[in-house]
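Chemist: pasting the sequence and the predicted coordinates here, then a few questions.
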Amino acid sequence: MTATAEGTNAGGATAPVVEMVGLRKSFGDREVLKGIDLTVTPGEVVCIIGPSGSGKSTLLRCVNQLEEATGGTVTVLGTEITDPDVDIDAVRQRVGMVFQQFNLFTHQTVLENCTVAQRKVLRRSKAEAEEVAMRNLAHVGLADRAPAHPSHLSGGQQQRVAIARALSMDPQLMLFDEPTSALDPELVGDVLSVMRALAERGMTMLVVTHEMAFAREVADRVVFMDDGQIVEQGAPAQVIGAPQHERTQAFLERVL
Ligand code: ADP
Ligand code: MG
């Protein structure tokens, strides 16, 4: 399939941002993804929910080849990344990822955290990188903390910096792996607000989360995973509000 950077093909039809077909992943003889078919279209917000150990992080990590698939295909922004000859760095540049642990560079300021990859990878000038960084720090409500070191920020602020850092690379897809799970409860709301605003601005997002209220309000689609498989997916009102499968019902009873 051919697709332009905007995710549309020559005919104007919408090409998927992510397309997984029969994705399998094993660690040794343990298969943790057992044939995943999943498509994310431009501007879509897809939330993945499911029990611990069901394969959610592994699935997300297969989108930028932090894990290598052992079967099936994964196509990201028109490039089949499961092709052994792929230039994975070219794809990774266009995909932002935010983890549970914020992974900021502790010896750098907030501003430096948000400019270093722009300068190294995108070869932007210092002035341009700082302008982009400041714009994204403003989006997450932290422009005034640009000179600070991460250790002087709360966990919620650090996670918002991690989001601004990812956005400063102008990604066409954002991956979030339980971005609020390591935060004190009172800090969760600000991070979710930033993510909600990002969704409203049209960012394509694949979000692993345990925040059911967020998934319900912000997701276009909710995917429930269990034991390496997608058990059911659909609109949030359907999957969270009226789950069809016993395993989805049992999971939601535990978390809601
Ligand atoms: P989730 O994010 O849904 O909690 P994961 O994708 O992290 O699930 O893990 C799915 C399964 O794969 C778990 O049983 C986990 O122990 C196993 N797993 C994940 N990463 C590795 C690894 N690098 N080596 C071996 N097993 C792993
Ligand atoms: Mg996980």
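Modeler: Great, that's in hand. Ligands and ions are numbered 1, 2, ... in the order given.
Chemist: ligand 1 contacts on the protein?
Modeler: 27, 32, 50, 52-58 (Cβ under 6 Å from any ligand atom). C-beta: built from backbone N, CA, C; applies to glycine.
Chemist: change it to 5 Å
Modeler: 27, 32, 52-58 (Cβ under 5 Å from any ligand atom).
Chemist: I'd like to know which of the residues you listed are buried.
Modeler: The neighbour count (16 or more other Cβ atoms under 10 Å) marks 32, 54-58 as buried among the residues of the chain next to ligand 1.
Chemist: these in strands, which ones?
Modeler: In strands, judged by DSSP state E, the following of these are found: V32.
Chemist: how about TSV for the buried ones among the residues of the chain next to ligand 1, with distance to G202 added?
Modeler: Shown next, in TSV, are those (distance: Cβ to Cβ, whole Å):
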residue	distance to G202
V32	32
S54	29
G55	28
K56	24
S57	26
T58	28
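Chemist: okay if I get the buried ones among the residues of the chain next to ligand 1 as TSV plus pLDDT?
Modeler: Formatted as TSV, those follow (pLDDT from 0 to 100):
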residue	pLDDT
V32	98
S54	98
G55	98
K56	98
S57	98
T58	98
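Chemist: one step back: show me which of the residues of the chain next to ligand 1 is closest to I81.
Modeler: I81 lies nearest to T58 out of the residues of the chain next to ligand 1, by Cβ to Cβ, at 14.8 Å.
Chemist: what sits against the closest one?
Modeler: Going by Cβ atoms under 8 Å, 6 or more residues apart in numbering, T58 touches 25, 32-33, 67.
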